[in-house]
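# here are the coordinates; sequence isn't available:
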């Protein structure tokens, strides 16, 4: 994946790979405007909590670059809708709000309009670089939990595509492989939008890591058969007590892993931790269109007029989480004091 | 569903509804030959454990009817490949073998070729009628477990389509509604072949029972949110100790229900119980084509060349089963003595 840039800054626009087209086509899009960035996040062309954070930072910088203003105050006022539009793109991943907060702070600290513009671009690039460094470091720390010969179950996609960097859950797996360990992966397809079937398999095949695709409802079967040595997933938001919001289906895998005595790991950068929320009950869960459930890649699979629910995430209580793998260390229960120290 | 005959005997052929075409099209097929019946079972045009049993009985009768023989012995010898071909169609549902055993016994008991032919048709019709009676009786017994206002989660399709009769899991729900109870259903889509999305929603909409379609990986979320009052599924084979083989994903729902303190019920006729197997570990699990996982209704959803697993069933250990609902009574742990008495 070294060759493939998930997000690339091109001076007056960003270039992204359209993740909705993968794995069938590698389509690159150029986004010239912060509204286009927000729209790409909404439509999941850009997806994965850390990736959304990086994209939002560049979207903010793009928005600033296009802005004319005669004073710092006027400029900051004009930046407010930029930040608001990007923040409204998706509600669950906290990295989005974290990145926007950093960008807003950077904007405040500049003196002139020109200086703020330069400072915002520097901050976006810093967020991207720090994100990659955090991914690599947490992957190193996480890889210590992986033994030679392990078969690892993962859900959704928490790789390069999700992070615009080395990856989190898949980063740990890649790092274990780079260390010479033989690893195999079971990837859940991850309905409704099939990020596992489309993206995780694609990334792992590019990395020459053996992968077996399964439907979401097969994971329990393979855990009960003793096929799975550990589960690793990413996260969209982690509350102060260690509760984890992640792609719908994560809670189910955590319960199944616990029931079968299999370690359940969450790999995420510290920017995913939201200390303002005491528990996962407070994390907003995005409800997406029922069409994503009643249709698959444009093909209708259910009767017309049927009602469907589509929560995009669920919350895994911390008691099911064996460890949270971050760039600042691997943490186990009780989480609350350890996460607060970060 | 009263108007819709799932399997109909037409004198020299059977007429079935092709369940692979539902819910988009109501296509009826006429099968003239036992090989066509075996093929329709293999391809899931006919599916659901009790439905497969009824279809196999009629397939056997069709095979016998077409056969010429000068003696009973010659006739019985010629019937052996008929039985074998039908038995080889699918390995997990025991109702198939149970129906074929009844048909083979009926064949033995006849005196002349003509008498055996008549007797086989009578036996097939008896299997069908008894199956419907068993469905209705177990639905009555099961409905006692359903309270007014319940929201019930079900998996795959265990309704009229699966039974060529009143239904098992859906039969219980229908009966509760007929008794005047207000019930709602959450139906898992049931990947890979989407029997929940395609068939259960279709049946429930015809019955005017409110149904919400969810992907398989959402069930845990809704259980943890307190939305689900009980889970009811069908079964393909029940071992002597109460272990249940059913559609892949059933084990996961049972673990999630237990974890959330929600009753998990299995509704199945006594013909689904296989006392020859002491536990579920001995139940053969059909592995189907990986194409069913990598494609949905003909559309490829994963990279070319990706490996995929496709176990069609899983085994739920009896400790997760709150009760087994049969036409002979509702049984709870410990199962082994109670099931043996049946």
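Thanks, I have the structure now. Because the structure is a prediction, the values reported are computed rather than measured.

# ranges for the strands of the stretch 201-342 of chain A?
Secondary structure of the stretch 201-342 of chain A, counting by DSSP state E, counting those that start in this stretch: strands at A:211-214, A:230-233, A:237-239, A:244-247, A:264-267, A:273-274, A:295-296, A:299-300, A:307-308, A:313-316, A:323-326, A:329-331.

# Give me whichever of those strands is most buried.
Per-stretch averages of neighbours, counted by mean count of other Cβ atoms under 10 Å in any protein chain shown, single out strand A:244-247 among these, with a mean of 30. For every residue, glycine as well, the C-beta is placed using N, CA and C.

# Okay, now the sheet partners of it, with direction.
Counting by DSSP bridges, the strands paired with strand A:244-247 are strand A:237-239 (antiparallel), strand A:313-316 (antiparallel).

# With distance to residue A:184 and mean pLDDT as added columns, please give the strands of the stretch 201-342 of chain A in CSV.
Below are the strands of the stretch 201-342 of chain A laid out as CSV (distance: least, Cβ to Cβ, whole Å; pLDDT from 0 to 100):
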stretch, distance to residue A:184, mean pLDDT
strand A:211-214, 7, 98
strand A:230-233, 12, 98
strand A:237-239, 27, 97
strand A:244-247, 21, 98
strand A:264-267, 16, 98
strand A:273-274, 30, 96
strand A:295-296, 27, 95
strand A:299-300, 31, 94
strand A:307-308, 34, 98
strand A:313-316, 24, 98
strand A:323-326, 19, 98
strand A:329-331, 22, 97
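
# Dump those strands to a markdown table, plus distance to residue A:185.
What follows is the strands of the stretch 201-342 of chain A, written out as a markdown table (distance: least, Cβ to Cβ, whole Å):
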| stretch | distance to residue A:185 |
| --- | --- |
| strand A:211-214 | 5 |
| strand A:230-233 | 9 |
| strand A:237-239 | 23 |
| strand A:244-247 | 16 |
| strand A:264-267 | 14 |
| strand A:273-274 | 26 |
| strand A:295-296 | 23 |
| strand A:299-300 | 27 |
| strand A:307-308 | 30 |
| strand A:313-316 | 20 |
| strand A:323-326 | 16 |
| strand A:329-331 | 20 |
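
# Where does pLDDT dip in the stretch 1-150 of chain A?
A:1-3 (pLDDT under 70).

# contacting residues for whichever residue of it sits closest to chain B?
When distances are taken as Cβ to the nearest Cβ, the stretch 1-150 of chain A reaches nearest to chain B at residue A:23, 4.2 Å away. Each residue near residue A:23 by Cβ atoms under 8 Å, 6 or more residues apart in numbering or on different chains is listed here: A:198-199, A:201-202, B:302-303.

# from these, which is closest to residue B:46?
Closest approach between the contacts of residue A:23 and residue B:46, by Cβ to Cβ: residue B:302, at 28.3 Å.

# So which of the strands of the stretch 201-342 of chain A is nearest residue B:89?
strand A:211-214 (24.6 Å).

# Show me what the closest one packs onto, helices and strands only.
On a contact count with 3 or more Cβ pairs under 8 Å, 6 or more residues apart in numbering or on different chains; DSSP states H and E, strand A:211-214 meets strand A:184-188, helix A:201-206, helix B:291-294, strand B:307-308.

# most tightly surrounded among those?
Counting by mean count of other Cβ under 10 Å, strand A:184-188 has the highest mean neighbour count of those, with a mean of 25.

# Looking at that strand now, give me its mean pLDDT.
Across strand A:184-188, pLDDT averages out at 98.

# Who are the packing partners of that strand?
By 3+ Cβ pairs under 8 Å, 6+ apart, strand A:184-188 packs against strand A:151-154, helix A:201-206, strand A:211-214, helix A:219-224.

# Let's see that with 7 Å instead.
strand A:151-154, helix A:201-206, strand A:211-214 (3 or more Cβ pairs under 7 Å, 6 or more residues apart in numbering or on different chains; DSSP states H and E).

# what sits against residue A:330?
Counting by Cβ atoms under 7 Å, 6 or more residues apart in numbering or on different chains, residue A:330 makes contact with A:141-142, A:323.

# cool, residue A:90 as well?
Counted by Cβ under 7 Å, 6+ apart, residue A:90 has contacts A:41-42, A:52, A:96, A:286.

# And residue A:67, how far from residue A:107?
To residue A:107, residue A:67 is 11 Å away according to Cβ to Cβ, to the nearest Å.

# quick one: what helix or strand has residue A:173 in it?
helix A:169-178 (DSSP states H and E).

# and that helix, what does it pack onto?
Judged by 3+ Cβ pairs under 7 Å, 6+ apart, the packing partners of helix A:169-178 are helix A:113-143, strand A:151-154, strand A:230-233, strand A:264-267.

# Format the ones you listed as TSV; extra columns: distance to chain B.
Formatted as TSV, those follow (distance: least, Cβ to the nearest Cβ, whole Å):
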stretch	distance to chain B
helix A:113-143	23
strand A:151-154	12
strand A:230-233	12
strand A:264-267	13
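
# Columns distance to residue B:127 on top of these, output as a markdown table?
Putting the helices and strands packed on helix A:169-178 into a markdown table (distance: least, Cβ to Cβ, whole Å) gives the following:
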| stretch | distance to residue B:127 |
| --- | --- |
| helix A:113-143 | 57 |
| strand A:151-154 | 42 |
| strand A:230-233 | 45 |
| strand A:264-267 | 46 |
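
# Got the domain ranges for chain A?
Using automatic domain parsing, the domains assigned to chain A come out as A:7-136, A:140-341.

# so which of those domains is the most packed in?
Here the criterion is mean neighbour count by mean count of other Cβ under 10 Å, and of the domains of chain A the winner is domain A:140-341, at a mean of 22.

# From the chain's centroid, how far away is that domain?
Its chain's C-alpha centre and that of domain A:140-341 lie 10 Å apart, by Cα atoms, centre = their mean, to the nearest Å.

# what are the ranges of the strands in the stretch 1-150 of chain A?
A:7-9, A:14-17, A:28-31.

# nearest to residue B:76, of those?
strand A:14-17 (65.8 Å).

# Just confirm yes or no for the closest one near chain B.
No - Strand A:14-17 is not in contact with chain B by Cβ under 7 Å from any Cβ of the partner chain; minimum separation 14.7 Å.

# elements contacting that strand?
When contacts are defined as 3+ Cβ pairs under 7 Å, 6+ apart, strand A:14-17 sits against strand A:7-9, strand A:28-31.

# May I have the strands that pair with the longest one, each with its orientation?
Sheet neighbours of strand A:28-31, with direction, are listed as strand A:14-17 (antiparallel) (DSSP bridges).

# contacting residues around the strand it pairs with?
Residues from elsewhere that reach strand A:14-17 (Cβ under 7 Å, 6+ apart): A:4, A:6-8, A:26, A:28-31, A:40, A:45-46, A:58, A:62.

# re the thing from before, quick one: closest of the helices and strands packed on strand A:211-214 to residue B:265.
Once the helices and strands packed on strand A:211-214 are compared by Cβ to Cβ, strand A:184-188 is nearest, at 26.5 Å.

# Please name the nearest non-neighbouring residue to residue A:34.
Nearest residue to residue A:34 in three dimensions, chain neighbours excluded: residue A:63, at 3.5 Å (Cβ to Cβ, 6 or more residues apart in numbering or on different chains).

# Surely the one you found and residue A:36 touch.
No - with contact defined as Cβ atoms under 7 Å, residue A:63 does not count as touching residue A:36 (10.4 Å).

# need the strands paired with strand A:244-247 in TSV with distance to residue B:308, can you?
Output for these, formatted as TSV (distance: least, Cβ to Cβ, whole Å):
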stretch	distance to residue B:308
strand A:237-239	31
strand A:313-316	25
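
# mind checking pLDDT for residue A:342?
Residue A:342 is given a pLDDT of 85.

# wait, isn't residue A:45 in contact with residue A:21?
No - counting by Cβ under 7 Å, residue A:45 does not reach residue A:21; the two are 8.2 Å apart.

# quick one: which of the contacts of residue A:23 is nearest residue B:117?
Closest to residue B:117, out of all of the contacts of residue A:23 and judged by Cβ to Cβ, is residue B:302, at 49.3 Å.
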